[in-house]
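Enquirer: need coordinates for the following:
(one chain, ligands or ions: 2)
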Amino acid sequence: MTPPNIVLLACGAYNPPTNMHLRMFEIARDHLQRLGYHNVIGGIVSPVHDSYGKKELVSATHRCEMLRLALQDSSWLRLSDWECHQEGWTRTRLVLQYHQNHLNSILNSNNESPNKRQRRDDFLWIPDDVKFCSGGPVQVKLLCGADLLESFGIPGLWKDDDIDTIVGQHGLVVITREGNNPNKFIYESDLLTKYQNNINIVTEWIINEVSSTKVRRALRRSESVKYLLQESVIDYIRKHGLYGTKDKG
Ligand SMILES: Nc1ncnc2c1ncn2[C@@H]1O[C@H](COP(=O)(O)OP(=O)(O)OP(=O)(O)O)[C@@H](O)[C@H]1O
Ligand SMILES: NC(=O)c1ccc[n+]([C@@H]2O[C@H](COP(=O)(O)O)[C@@H](O)[C@H]2O)c1
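Expert: Ligands and ions are numbered 1, 2, ... in the order given. The predicted structure is shown next:
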C-alpha cells in the first residue's frame, strides 16, 4: 500500500500566537523525518471559533491576522480560518476530517474541473519539492502539546468516540511540555495504549515554557515580549491595543 502524505494540523486559541506555536511544527517534522517519514508535506494552523469562549479570547479576526503575520515566512505552514468561519465551535475530530477530506478531494479532482485553478491554489502552500512525495492519499494528524493530550482525561471534555477516531484514524504527534508526562498518561489509558503506534511523542529538550497566558500577562504589565513572538505580531498587538496594551505606547 502506498504510504500516505502526512499533513500536521494544530488547533488552539492562538491568543496570541507565540514562537513556540511555530516551533512545534519544526520539531515535529524533524522528529518524523528521523523516524523515516519523509512525507510530511505541510502544516495547518487552525484557530478556534470565538464561541469557544476561552478567557480573554480576542476576536478571530485579530487571531487570524496575527497568525497570518506569524506564518508569512514559512514555506510549509499555513493558516486555516475554516474553523473560525463556522456557525459555532467545531469539535477537533471534525476539523481533522474536514481538512483530510478537503485535501484528498483536491488530489483526486478531475483535471478538467472548472474549479481546477482554485483547487490547485489550495495546494500552493506545499513546496514543490515535497509535494505528494508518496503518491498516496493525505493523512491529517493532530499536532499538540502534552497538555492538550492530557486534557483527554478531563471528564466530559472529549467524546470517547472522537478520541478513538483522532488517535486511531488520524494519529497524534505530541510535543512534551513542562509539568506533563505523556508516556505515563498513555500508559494509564487503555484506549491510548491500544493505538500507541499512532502516537509520536516528540521530546522538546530545549524547554521553552512560553504560553499565550504568560505573554498576555507580560503585555498587560508592559513587560517586554520581544523574541517570544514574531516582531510583526508584537507590532500588530500594539497597533490594535490588544491585551491591555492600549494607551501604553
Ligand atoms: N510551550 C509549549 N510547549 C508545547 N506545546 C505548546 C506550548 N505552547 C503551546 N503549545 C501547544 O500549542 C497548541 C495551541 O495552544 P494554545 O493556543 O491553547 O496555546 P497556549 O499557549 O497553551 O494558550 P493559553 O496559555 O492561552 O492556554 C496546544 O496543542 C498546546 O499544547
Ligand atoms: N472535544 C473536542 O474536540 C475538544 C475539547 C477541548 C478542546 N478542543 C480543542 O483543543 C484546542 C485547545 O483548547 P484549549 O486551549 O482549551 O486547551 C482548541 O482548538 C479546541 O477546539 C477540542
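
Enquirer: burial count for R29?
Expert: Counted with other Cβ atoms under 10 Å, residues neighbouring R29 total 23. (Each C-beta comes from the backbone N, C-alpha and C, glycine too.)

Enquirer: repeat that for the one 4 residues further on.
Expert: The criterion is other Cβ under 10 Å. On that basis, Q33 has 12 neighbouring residues.

Enquirer: ok, E209 - contacts?
Expert: By Cβ atoms under 8 Å, 6 or more residues apart in numbering, the contact list for E209 reads 177-178.

Enquirer: from I41, how far off is it?
Expert: E209 sits 30 Å away from I41, going by Cβ to Cβ, to the nearest Å.

Enquirer: same check, this time on N15
Expert: For N15 relative to I41 (Cβ to Cβ), the value is 28 Å.

Enquirer: how about the nearest residue to L69, chain neighbours excluded?
Expert: S232 (4.1 Å; Cβ to Cβ, 6 or more residues apart in numbering).

Enquirer: what pLDDT is listed against the one you found?
Expert: On the pLDDT scale, S232 is placed at 98.

Enquirer: neighbours around it, how many?
Expert: Neighbours of S232 (other Cβ under 10 Å): 14.

Enquirer: contacts only, for it.
Expert: S232 sits next to 69-70, 72 when contact means Cβ under 8 Å, 6+ apart.

Enquirer: quick check, it in a strand?
Expert: No - read with DSSP: H, G, I helix; E, B strand; the rest coil, S232 is helix and lies in no strand.

Enquirer: please, a ChimeraX command that selects the buried ones among the contacts of S232?
Expert: The following ChimeraX line selects those of the contacts of S232 that are buried, judged by 16 or more other Cβ atoms under 10 Å:
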select :69,70
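
Enquirer: and which of the contacts of S232 is nearest L143?
Expert: Distances from L143 to the contacts of S232, taken as Cβ to Cβ, are shortest for A70 (15.6 Å).

Enquirer: how much space between the closest one and H38?
Expert: When Cβ to Cβ is applied, the distance between A70 and H38 equals 26 Å.

Enquirer: near ligand 1, which residues of this protein?
Expert: Contacts of the chain with ligand 1, taken as Cβ under 6 Å from any ligand atom, map to 10, 12-15, 20-21, 24, 144-145, 147-148, 175, 177, 208-213.

Enquirer: mind listing which of these are in helices?
Expert: Among the residues of the chain next to ligand 1, the ones falling in helices (DSSP state H) are 20-21, 24, 147-148, 212-213.

Enquirer: out of those residues, which are close to ligand 2?
Expert: For ligand 2, the contacts drawn from these by Cβ under 6 Å from any ligand atom are L148.

Enquirer: these two touch, right, T90 and H49?
Expert: Yes - with contact defined as Cβ atoms under 8 Å, T90 reaches H49; the gap is 6.6 Å.

Enquirer: mutual contacts of those two, please.
Expert: Residues touching both T90 and H49 by Cβ under 8 Å, 6+ apart: E83.

Enquirer: what segments of the protein are helices?
Expert: Under the criterion DSSP H, the chain contains helices at 19-34, 60-70, 92-108, 116-121, 146-150, 160-165, 182-187, 190-194, 212-220, 231-239.
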